[in-house]
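> quick one, what's the 3D model for this:
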Amino acid sequence: MPSKGTTAERGYDNAHKVNRARMLYNLVDGTKCTYCGKPMYREAALNFDQAPLEADHKHGDKTSPAYRLIHRRCNRSIANRWVEHGPGWYGVDESESRPKSPKKPEKACDLRERYVIEWSF
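Okay, here's the model as predicted:
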């Protein structure tokens, strides 16, 4: 399979990287993806596709600044097309969109930590 080339060879210059970095900096963790409706996070491991977010251009026009951040899977499913909302936008269940975090075991309540008893005679 032939290589797709570097980002510069594919038309993404330094301005694209700066614009993506700016949008990523301003992203509020948990903001919904405008394509699929699932939450987006700066940390790739927290995204449902376990990949970094990608900057999307309107109508696939790389000469204009990127318009939004979306998941990698969403971006690649609409390659070079402009789609505002995808098929999964409506009716997204939050519980299945974020990876489950391990629960911390609850520590047994120890009254010695909560109360100090002073004895005086």
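> in a helix, residue 74, correct?
Yes - membership of residue 74 in a helix is supported by DSSP: H, G, I helix; E, B strand; the rest coil.
> and the gap between it and residue 64?
Residue 74 is 19 Å from residue 64, where distance means CB to CB, to the nearest Å. Glycine gets a C-beta too; all of them are placed from N, C-alpha and C.
> so which of these two has more stuff around it?
The residue with more neighbours, out of residue 74 and residue 64 and counting by other CB atoms under 10 Å, is residue 74; that gives 24 against 10.
> give the burial count for the residue nearest to the more buried one when sequence neighbours are not counted, as a bare number.
Spatial nearest neighbour of residue 74, chain neighbours left out: residue 35 (4.0 Å); criterion: CB to CB, 6 or more residues apart in numbering. Residue 35 is flanked by 22 other residues according to other CB under 10 Å.
> is it true that residue 35 touches residue 71?
Yes - using CB atoms under 8 Å, residue 35 is in contact with residue 71, at 7.3 Å.
> what about the residue nearest to residue 74, helix or strand, and which?
If you go by DSSP states H and E, residue 35 is not part of any helix or strand.
> report pLDDT for it.
Per-residue pLDDT puts residue 35 at 85.
> mind picking out the helix or strand in this protein with the poorest mean pLDDT?
helix 94-97 (a mean of 48; mean pLDDT, DSSP states H and E).
> average pLDDT across the longest helix along the chain?
If you go by DSSP state H, the chain has its longest helix at helix 14-26. For helix 14-26, mean pLDDT rounds to 89.
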